[in-house]
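>>> can't give you the sequence, but here's the structure:
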């Protein structure tokens with residue numbers, strides 16, 4: 001037997017399909033010369049005989065023929081069952097040895113027994129998922145767990161349709177399940193979802209709800225993953241060396257993260273996130289090795305997300321400040337009545353014609369009486385950043401909060417929705433706010449969540 005195994009080392013396991021394992025193994029073995037033409041022909045004939053026997057069972061002996069699509073489905077099911085057994089063996093060499101030395105019918109029978117054990121594994125992880133289920137408003141998550149797997153556990157057919165998945169799975173995982181079918185897909189999905197639930201269980205459900213509401217107030221209707229955002233926020237807290245449990249960020253925190261991360265090369269950034277991830281694992285006292293591996297494997301994806309957030313000045317979309325949708329604005333701010341159009345046009349012409357900025361400031365102090373007019377002038381005034389800063393200095397904190405809420409700096413990908421003048425205002429305001437003392441900046445930005453502009 002050892003001699004037989006040694007000759008099979010030509011097979012490249014990376015070229016084998018997880019979903020179509022048996023077929024891909026036969027193809028690779030034939031191409032590499034590990035399987036002779038005579039052996040290949042014998043296997044094909046035995047697969048056809050197995051198909052005939054299964055078809056007879058499918059029709060309960062009433063007919064020896066079925067529609068082509070039904071026969072194709074039964075054949076796919078048979079090959080999947082054989083592949084399940086071959087995958088359970090120690091390695092590809094052992095799999096080839098059994099293919100060469102066992103009848104296909106026997107491999108199918110062995111696979112059938114493996115399938116029944118795997119269904120028990122799927123049940124095990126499903127029970128774990130239900131017991132660790134998050135309290136969340138996300139509909140895709142709730143429906144997937146509460147209803148999506150019922151068809152699988154109630155009607156999974158392991159005789160003729162074992163490669164199919166009778167289920168309704170919409171919720172997206174951190175690591176999507178690919179190249180698997182049937183019960184193997186279900187096991188991998190449920191196992192991954194259990195690890196995500198397990199990680200989220202270290203944080204309060206109401207806090208997670210506010211994190212996801214900060215990500216998108218309508219997150220309950222989205223397919224986006226919850227665990228990924230919780231992990232990102234936890235990593236942000238770890239990088240700042242602040243308590244993990246709140247999963248929250250002040251404006252000053254986000255500024256600190258920006259300064260800490262923005263100059264990093266992607267490889268260096270990933271290394272910094274990896275260090276933070278292992279510190280996080282230690283601080284939370286995570287002991288499940290599979291959970292640790294699952295989280296660490298998501299770091300390349302998170303690195304890309306953080307890098308894009310830094311480049312687009314949208315780090316608050318990566319490390320998301322919490323938002324409680326049940327807290328309504330406390331302050332109703334009226335921006336005032338605008339001057340009539342003719343007077344405004346004359347003022348803008350005069351403003352733009354001024355050679356010295358002191359003259360422009362004099363016009364503002366004399367004629368601009370409402371924030372509504374100030375906003376229009378800031379957009380139309382063709383101001384450089386230092387000039388805009390001197391105008392912003394004239395405003396009270398609540399007025400700066402209103403402008404910040406109405407004119408947040410948008411990533412370049414959204415620039416098509418704004419005029420060049422509006423983008424200039426966004427950039428000038430963002431630069432001014434970043435230069436403020438941290439305490440004052442935090443106070444102004446906190447106002448933006450409590451203001452409703454009327």
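All right, it came through fine. Quick caveat: nothing in here was measured; it's all calculated off a predicted structure. Residues are numbered from 1 along each chain as shown.
>>> show me the shaky parts of the stretch 301-450 of the chain.
Applying pLDDT under 70 to the stretch 301-450 of the chain flags the ranges 328-330, 410-417.
>>> run through the helices of it in chain order.
Listed in chain order, the helices of the stretch 301-450 of the chain (DSSP state H, counting those that start in this stretch) span 341-353, 357-367, 371-380, 385-392, 397-406, 420-434, 438-448.
>>> list the contacts of the nearest residue to residue 354 once chain neighbours are set aside.
Counting by CB to CB, 6 or more residues apart in numbering, residue 360 is the residue found nearest to residue 354 once chain neighbours are left out, at 4.8 Å. In short, each C-beta sits where N, CA and C put it, glycine included. Listed by CB atoms under 8 Å, 6 or more residues apart in numbering, the contact set of residue 360 reads 351, 354, 381, 387.
>>> pick the one among those residues closest to residue 52.
residue 381 (83.8 Å; CB to CB).
>>> per the annotation, how does this structure divide into domains?
As assigned by automatic domain parsing, the chain contains the domains 2-113, 202-326, 331-453.
>>> now these in TSV, with distance to residue 134?
Listed next are those as TSV, based on distance: least, CB to CB, whole Å:
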stretch	distance to residue 134
domain 2-113	29
domain 202-326	6
domain 331-453	25
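>>> if we can go back for a sec, make a ChimeraX selection of whichever of the contacts of residue 360 turn out to be buried.
Selection of the buried residues among the contacts of residue 360 in ChimeraX, burial being defined by 16 or more other CB atoms under 10 Å:
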select :351,381
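>>> just the contacts of residue 360 now: which is nearest residue 423?
Nearest to residue 423 among these: residue 381, at 14.0 Å, using CB to CB.
>>> which ones are touching that closest one?
348, 351-352, 360, 387-388.
>>> if we can go back for a sec, out of the domains of the chain, the one nearest residue 171 is which?
The nearest among the domains of the chain, by CB to CB, is domain 202-326 at 6.6 Å.
>>> stretch 192-211: which residues count as buried?
Those would be 192-200, 203, 207-211, for stretch 192-211 by 16+ other CB under 10 Å.
>>> return the closest of those with respect to residue 331.
Nearest to residue 331 among the buried residues of stretch 192-211, counting by CB to CB, is residue 210 at 20.6 Å.
>>> and residue 35, that one's in a strand?
No. Secondary structure of residue 35 (DSSP: H, G, I helix; E, B strand; the rest coil): coil, not part of a strand.
>>> nearest residue to it other than its sequence neighbours?
Distance criterion CB to CB, 6+ apart; nearest residue to residue 35, sequence neighbours excluded, is residue 29 at 3.8 Å.
>>> ok, the one you found touching residue 97?
No. Between residue 29 and residue 97 there is no contact under CB atoms under 8 Å: 11.2 Å.
>>> higher neighbour count, these two?
Higher neighbour count among residue 29 and residue 97: residue 29, with 23 against 18, using other CB atoms under 10 Å.
>>> buried ones in the longest helix along the chain, by neighbour count?
Longest helix in the chain by number of residues (criterion: DSSP state H): helix 104-131. Residues 104, 107-108, 110-112, 114-115, 118-119, 122, 125-126, 128-129 are the ones in helix 104-131 that count as buried (16+ other CB under 10 Å).
>>> could you do stretch 239-254 as well?
Buried, per 16+ other CB under 10 Å, within stretch 239-254: 239-240, 244, 247-254.
>>> repeat that for stretch 297-315.
Neighbour-count burial for stretch 297-315, counted by 16+ other CB under 10 Å, picks out 298-299, 302-303, 306-307, 309-310, 312-315.
>>> can you give me the helices for the stretch 51-200 of the chain?
Assigned by DSSP H, counting those that start in this stretch, the helices in the stretch 51-200 of the chain fall at 68-88, 92-101, 104-131, 139-143, 150-155, 182-200.
>>> give me the contacts around stretch 117-131.
Stretch 117-131 is contacted by residues 84, 145, 149, 152-153, 156, 158, 183-184, 186-187, 190-191, 193-194, 197 when judged by CB under 8 Å, 6+ apart.
>>> gap between residue 19 and residue 190?
Separation of residue 19 from residue 190 (CB to CB, to the nearest Å): 17 Å.
>>> more neighbours, these two?
Comparing residue 19 with residue 190 by other CB under 10 Å, the one with more neighbours is residue 190, at 25 against 16.
>>> report how many residues lie close to residue 257.
23.
>>> got a list of what it touches?
By CB under 8 Å, 6+ apart, residue 257 lies in contact with 236, 239-240, 249, 315, 319.
>>> do residue 235 as well
273, 276-277, 280, 302, 319.
>>> ok, which of the helices of the stretch 51-200 of the chain comes nearest residue 220?
Taking those one by one with CB to CB, helix 139-143 is closest: 5.6 Å.
>>> helix or strand for residue 452, which one?
Per DSSP states H and E, residue 452 falls inside strand 451-453.
>>> report the rounded mean pLDDT for that strand.
Throughout strand 451-453, pLDDT has a mean value of 81.
>>> for it, packing partners?
Using 3 or more CB pairs under 8 Å, 6 or more residues apart in numbering; DSSP states H and E, the elements in contact with strand 451-453 are strand 331-333, helix 397-406.
>>> so of those, which one's packed in deepest?
helix 397-406 (a mean of 20; mean count of other CB atoms under 10 Å).
>>> the inter-axis angle of it versus helix 371-380?
Relative orientation of helix 397-406 with respect to helix 371-380: 60 degrees, computed using axes from the mean of the first three to the mean of the last three CA atoms, to 10 degrees.
>>> name the helices or strands packed onto helix 397-406?
Packing contacts for helix 397-406, counted by 3+ CB pairs under 8 Å, 6+ apart, involve strand 331-333, helix 371-380, helix 420-434, helix 438-448, strand 451-453.
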